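A.B. asks: The following block contains a protein sequence and its predicted model.
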Amino acid sequence: MMRNRSGGCLCAAVRYEVTGEPLIARVCWCRDCQKISANGTANAIYPVEAISISGPTTTYTSPGDSGNPITRHFCATCGCHLFASAASRPQFRVVRVGTLDDPSSVTPVINMWTASAPRWACLDAALQSDSGQPAAPQQRPIAG
């Protein structure tokens, strides 16, 4: 059975649903994620076609630590950061795990960009670690 998860922004103007399991979930310590959250961010990677979104969003595009343009998607009303997408991997969408209705339903497996993490960062030693950008996840077909 295919698992669906739902989530949304702080003011509930934007709601979304993701179908299936994430290709990977990770905690990102790049400087951009730290600026967005004042910490590392927990992210789940899904194929674009696995996500349906309702409600008004706005975007901001800037170069990521990798050098690739990253487009961040926010609620147009409350400014909550919901998603991100990289120009180099347009087939994927990053879902901010904290915006899921049940964020505990997704478990990160890697800390990435650990070279950028502050000295006080609480890095889970049980997770894999990468000092920079790990390889792209392998896309699995979406069963319907």
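C.D. replies: Right, received. Where do you want to start?

A.B. asks: mind showing which ranges of the protein have poor pLDDT?
C.D. replies: 1-2, 136-144 (pLDDT under 70).

A.B. asks: Against residue 129, how distant is the spatially closest residue to residue 80 that is not a sequence neighbour?
C.D. replies: Leaving aside its chain neighbours, residue 80 sits nearest to residue 9 (3.7 Å; criterion: Cβ to Cβ, 6 or more residues apart in numbering). Bear in mind the C-beta positions are built from the backbone N, C-alpha and C, glycine included. Using Cβ to Cβ, to the nearest Å, we find residue 9 at a distance of 31 Å from residue 129.

A.B. asks: between these two, which one's more packed in?
C.D. replies: The residue with more neighbours, out of residue 9 and residue 129, is residue 9; 23 against 16, by other Cβ atoms under 10 Å.

A.B. asks: ok, back up a step: for the residue nearest to residue 80, what are its contacts?
C.D. replies: 55, 75, 77, 78, 80, 82, 99 (Cβ atoms under 8 Å, 6 or more residues apart in numbering).

A.B. asks: So what pairs up with the second one in the strands?
C.D. replies: Bridge pairing for residue 75 (DSSP bridges) gives the partners residue 57.

A.B. asks: Please report the number of neighbouring residues for it.
C.D. replies: With other Cβ under 10 Å as criterion, residue 75 counts 21.

A.B. asks: Residue 83 is in contact with that one, correct?
C.D. replies: No: the criterion here is Cβ atoms under 8 Å, and residue 75 misses it with residue 83 at 10.4 Å.

A.B. asks: Now do the shared contacts for these two.
C.D. replies: Residues touching both residue 75 and residue 83 (Cβ under 8 Å, 6+ apart): residue 57.

A.B. asks: hmm, which of the contacts of residue 9 are the buried ones?
C.D. replies: Listed as buried from the contacts of residue 9 are 55, 75, 77, 80, 82, 99; burial here means 16 or more other Cβ atoms under 10 Å.
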